[in-house]
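**Student:** Provided below for reference: sequence and predicted model.
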Amino acid sequence: MNSENGENRVNSKERWIFDILCSKVCVKGAVTLVTGGASGLGKATVERLVQQCGKVVLCDLPNSKGNEIAKTLGEDKVIFAPVN
């Protein structure tokens, strides 16, 4: 992953990989669990799954930005589960 100005950026190869994965895992009405979902590839996966499937449980460390991401994407669509 690349970093610019402290923000994680997903490169084109990583984006291609998760585009394929997200298109295969989306099941209408299902809730998807994503570990490491508060940054980088995990965050990008959460964002894509919210667009395609609707509901995601975002799992990451308690001190991550998971809660902030859930609020931004909509707490009706994303639940933050702090895990260690």
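**Tutor:** Here it is on my side, so go on. Numbers count the residues shown, from 1 in each chain.

**Student:** run a quick neighbour tally on Gly42.
**Tutor:** 22 (other CB atoms under 10 Å). Placement of C-beta: from N, CA and C, glycine included.

**Student:** what about Asn63, is that helix, strand or coil?
**Tutor:** coil (DSSP: H, G, I helix; E, B strand; the rest coil).

**Student:** now Thr32, what's its secondary structure?
**Tutor:** Once three-state DSSP is applied, Thr32 turns out strand.

**Student:** looking at it, it is touching Gly54, isn't it?
**Tutor:** No. Under the criterion of CB atoms under 8 Å, Thr32 is not in contact with Gly54, lying 9.0 Å apart.

**Student:** which one's more surrounded, the two?
**Tutor:** Counted by other CB under 10 Å, Thr32 and Gly54 do not tie: Thr32 has more neighbours, with 20 against 17.

**Student:** ok, now which ones touch Lys55?
**Tutor:** By CB atoms under 8 Å, 6 or more residues apart in numbering, the contact list for Lys55 reads Ala30, Val31, Thr32, Lys77, Val78.
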